[in-house]
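Visitor: Provide a 3D model corresponding to the input given below.
(one chain, ligands or ions: 1)
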Amino acid sequence: MSKELNPLFGKRVELDASLTVAVIGAAGKMGMRVSNNLNLTDATVFYTEASEAGQARLQELGRVASTVDDAVPAADVVILAVPDVVLGTVSEQVVPLMQSGAVLLTLDPAAAYAGLLASRDDVHQACAHPAHPSIFLERTTVEEYADTFGGIAAEQEVVAAFEGDDEAAKARVEAVVRAIYAPVIDVHWVTVKQLAQLEPTLVETTACMIGQFLKDSMDHAITEVGIPEGAVKALFYGHIGIALTNALRGSNPFSEACLEAMDYGRDAIIKDDWKRIWDDEDLDVVLAKMLKLEKIERS
Ligand SMILES: NC(=O)c1ccc[n+]([C@@H]2O[C@H](COP(=O)([O-])OP(=O)(O)OC[C@H]3O[C@@H](n4cnc5c(N)ncnc54)[C@H](O)[C@@H]3O)[C@@H](O)[C@H]2O)c1
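Guide: Sure, this is the predicted structure:
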């Protein structure tokens, strides 16, 4: 029997009762999210957290904080939900304690692709990043609309990487990934490098940057140009929607005049050599910034 049904998406979060999962950094943003969902499964879950404030948060939720020494050797899957800048040192503490055949699961590929994670021949490494609910997801309930991040009520997909060819271990990871990010539509398997190209190159470097640029442009229209805020937001929010659905899905053709203005904007704003963000050297530059390293050293 499942411990509880998720009241928001009304289904069990499936995970075999024989599985044991350890969450390292269980009181952080992702640690809390994945723990909330693991807590809806039949699996045994260990929570570890370094900060005292975090341990107090776990206690408020009735979650018993374990030490790494107790949690890690018991786990089939160890989830590292700690900041990327400490993943290297935390993995050095955790990996030697892991069971043979267990899986070290990270939630972002930067440290794995940069070669910062401690490894062991008999320990598998995997990384799974939530895609977040698509802007094109057909939501029907208030809860689905409210769940912008995913993992609560709105369905999302996941992109993941698994090192090695142990299909049983990979299946175990997929089950855990489907549970921690539930409700999940599908898990797409790629290489660690491809996952690092998606996160950050396509997502943070491109999409998040453009999202923030839209905000900067909107603020400029309101504060510098002096157009009433209500009018700016009304016109902009609707047009962002139509721009995305036209460009990404071809829902409607852009008009001739719109295409002219788009060309003007592209010439004015985008650099000719923008595709260099996809070069391996550029990816290493961004990853070094994200991981607070001088540079990425590859052996
Ligand atoms: N925040 C997001 O939106 C998001 C989305 C997808 C993936 N991720 C990835 O999830 C991971 C965690 O990010 P976050 O934003 O949740 O971080 P966070 O800073 O919110 O939380 C990290 C937690 O780890 C704890 N911690 C630090 N060192 C520890 C240690 N040695 N042992 C046990 N606990 C320790 C901290 O006290 C904190 O509670 C990162 O790899 C990040 O890239 C984050």
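
Visitor: What is the neighbour count of the nearest residue to residue 66 once chain neighbours are set aside?
Guide: Leaving aside its sequence neighbours, residue 66 sits nearest to residue 46 (Cβ to Cβ, 6 or more residues apart in numbering; 4.6 Å). To be clear about C-beta, it is placed using only N, CA and C from the backbone, and glycine gets the same treatment. For residue 46, the count of nearby residues is 23 (other Cβ atoms under 10 Å).

Visitor: what's near enough to touch residue 46?
Guide: Contacts for residue 46 (Cβ atoms under 8 Å, 6 or more residues apart in numbering) come out as 20, 21, 22, 23, 66, 70, 71, 74, 75.

Visitor: Residue 31 too?
Guide: Listed by Cβ under 8 Å, 6+ apart, the contact partners of residue 31 are 23, 24, 25, 47, 49, 79, 81, 82.

Visitor: Now go through the residues you listed and say which are in strands.
Guide: The strands, defined by DSSP state E, take in 23, 24, 47, 79 from those.

Visitor: Now for those: which two are most distant?
Guide: Comparing every pair within the ones in strands among the contacts of residue 31 by Cβ to Cβ identifies 47 and 79 as the most remote, at 10.3 Å.

Visitor: Between the two, which contacts overlap?
Guide: Common neighbours of residue 47 and residue 79 (Cβ under 8 Å, 6+ apart) are 22, 23, 31.

Visitor: near the ligand too, which of these?
Guide: Applying Cβ under 6 Å from any ligand atom, the subset of the shared contacts of residue 47 and residue 79 adjacent to the ligand comprises residue 31.

Visitor: Only alpha carbons, please: show the helix or strand hosting residue 209 as PDB.
Guide: Assigned by DSSP states H and E, residue 209 falls within helix 209-219. Taking Å, rounded to 0.1, in the frame of the first residue of the first chain, the C-alpha atoms of helix 209-219 are listed here in PDB:
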ATOM      1  CA  MET A 209      18.500  34.900 -20.800                       C
ATOM      2  CA  ILE A 210      15.700  35.800 -23.300                       C
ATOM      3  CA  GLY A 211      13.000  35.500 -20.600                       C
ATOM      4  CA  GLN A 212      14.900  38.000 -18.500                       C
ATOM      5  CA  PHE A 213      15.600  40.200 -21.500                       C
ATOM      6  CA  LEU A 214      11.800  40.300 -22.200                       C
ATOM      7  CA  LYS A 215      11.400  41.600 -18.600                       C
ATOM      8  CA  ASP A 216      14.200  44.200 -19.100                       C
ATOM      9  CA  SER A 217      12.600  45.400 -22.300                       C
ATOM     10  CA  MET A 218       9.200  45.600 -20.600                       C
ATOM     11  CA  ASP A 219      10.600  47.600 -17.700                       C
END
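
Visitor: who touches the helix or strand that that helix is followed by?
Guide: Following helix 209-219 in sequence order, the next helix or strand is helix 229-249 (DSSP H and E). For helix 229-249, the external contacting residues (Cβ under 8 Å, 6+ apart) are 135, 136, 214, 218, 221, 222, 251, 252, 253, 254.

Visitor: Grab the nearest non-local neighbour of residue 32.
Guide: What sits nearest to residue 32 in space, not counting adjacent residues and going by Cβ to Cβ, 6+ apart, is residue 26, at 7.2 Å.

Visitor: I figured the one you found hits residue 64, correct?
Guide: No. At 10.4 Å, residue 26 and residue 64 do not qualify as touching, with contact defined as Cβ atoms under 8 Å.
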